[in-house]
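Student: sequence and predicted structure, then a few things I'm wondering about:
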Amino acid sequence: MSSEYLHSYLQLEIITGILTPPWIHTSKATLSDTPNPQEEIWRKRTTQVLKEFFIRLNKEILPKSFIEIGAHEASISVELKRQGVPTVHAIEANPFVFNKYEADLNNLGIKYLNFAVSNTNNEVEISIPLFSEVLDRADGSLLKRTADANYKTVKVLSKKLSNHIQDEQLDDISIWIDTEGLTLEVIKSAEPLLDRVMLIHAEVEDINYWKDQDGVLEVFKYLFENNFVAIARDMDGRGQYNVIFANQKYMNKLGGLISDYWKDLSALKNQNNARKKLKFF
């Protein structure tokens, strides 16, 4: 990242209120990193806190529709359906995953759909890494990894998010994106209907795990220019994490909840420090 881009990124952090507290140390990842087990436990706990925060935000702004993209087993769709969101769509590109969960999710009143979301309304090819014989994996993508891998490739239909929103006549939408390097492409595919979106929970990267992917800077910049404010993040992985963006039209309703989130994260940090101290006795 050039000094010019780094400066822009830091400015975006400050402007959007997502400046990372000083007690959080998130080193830039490399593909050869070996995760520290204790650090991984901490990071996964922050991810759970962020998920709970996202659920509280949805309770506050009351979306009419929720779309989970890269849904896999669609756990957040299940939760928001239980919370009373009227229309819940879970979109999964991998047909092996889709076939595994389709019946159960449709029985819960969730519209579970098998297609990719990208910048085209044509057939595309997803690549499922063959790290095992299991094909119903959560890490298939339209992109190839920068690290060496063998793949099972499958052709699937793709649809722009704007077309799906229009076809289904969705409005007041909350979105969850977990698409293995394609976050910005998915968001851009919502044009010109992005203004119908209230909240976005998105996975981002500050290193390239996938070839030709857009990184966190590009995601921040695009959403900032389209009136979305980054309000919270977790520490999910080394160089990969989740951010919640809110349409600025709804910011006046969310201030207290945002403050509570950072308090919850600080409390989690204090609990983590207390456990570390106990180990010395």
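Tutor: Structure received.
Student: let me know the average pLDDT across stretch 209-218.
Tutor: Along stretch 209-218, the predicted local confidence has a mean pLDDT of 87.
Student: which parts of it are buried?
Tutor: The neighbour-count check on stretch 209-218 (16 or more other C-beta atoms under 10 Å) flags 209-210, 213-217 as buried. C-beta here means a position set from N, CA and C on the backbone, and glycine is covered the same way.
Student: now the strands: where do they sit in the stretch 101-250 of the chain?
Tutor: Secondary structure of the stretch 101-250 of the chain (DSSP state E, counting those that start in this stretch): strands at 111-113, 116-117, 123-129, 151-159, 173-177, 197-205, 228-233, 240-247.
Student: residue 180 and residue 137 touch, don't they?
Tutor: No. The pair residue 180 / residue 137 is not scored as a contact, 10.2 Å apart, by C-beta atoms under 8 Å.
Student: so which of those two has more stuff around it?
Tutor: residue 180 (23 against 16; other C-beta atoms under 10 Å).
Student: off-centre distance for stretch 80-100?
Tutor: For stretch 80-100, the separation from the chain centroid amounts to 15 Å (computed by C-alpha atoms, centre = their mean, to the nearest Å).
Student: this structure: helices as residue ranges?
Tutor: Secondary structure of the chain (DSSP state H): helices at 3-16, 37-61, 75-82, 95-107, 161-168, 183-188, 216-225, 255-278.
Student: out of these, deepest packed?
Tutor: helix 183-188 (a mean of 23; mean count of other C-beta atoms under 10 Å).
Student: pull the residues that contact it.
Tutor: The set of residues that contact helix 183-188 without belonging to it, under C-beta atoms under 8 Å, 6 or more residues apart in numbering, is 69, 117-119, 161, 177, 179, 194, 200, 202-204, 214, 218-219, 222-223.
Student: what sits against residue 59?
Tutor: residue 83.
Student: the one 3 residues further on now?
Tutor: For residue 62, the set of contacting residues under the criterion of C-beta under 8 Å, 6+ apart consists of residue 172.
Student: burial check on the residue nearest to residue 162 when sequence neighbours are not counted, number of neighbours?
Tutor: Here the nearest residue to residue 162 in space, its sequence neighbours aside, is residue 193; by C-beta to C-beta, 6 or more residues apart in numbering that works out to 4.8 Å. Neighbours of residue 193 under the rule other C-beta under 10 Å: 18.
Student: where's residue 193 relative to residue 220, distance?
Tutor: Counting by C-beta to C-beta, to the nearest Å, the gap from residue 193 to residue 220 is 21 Å.
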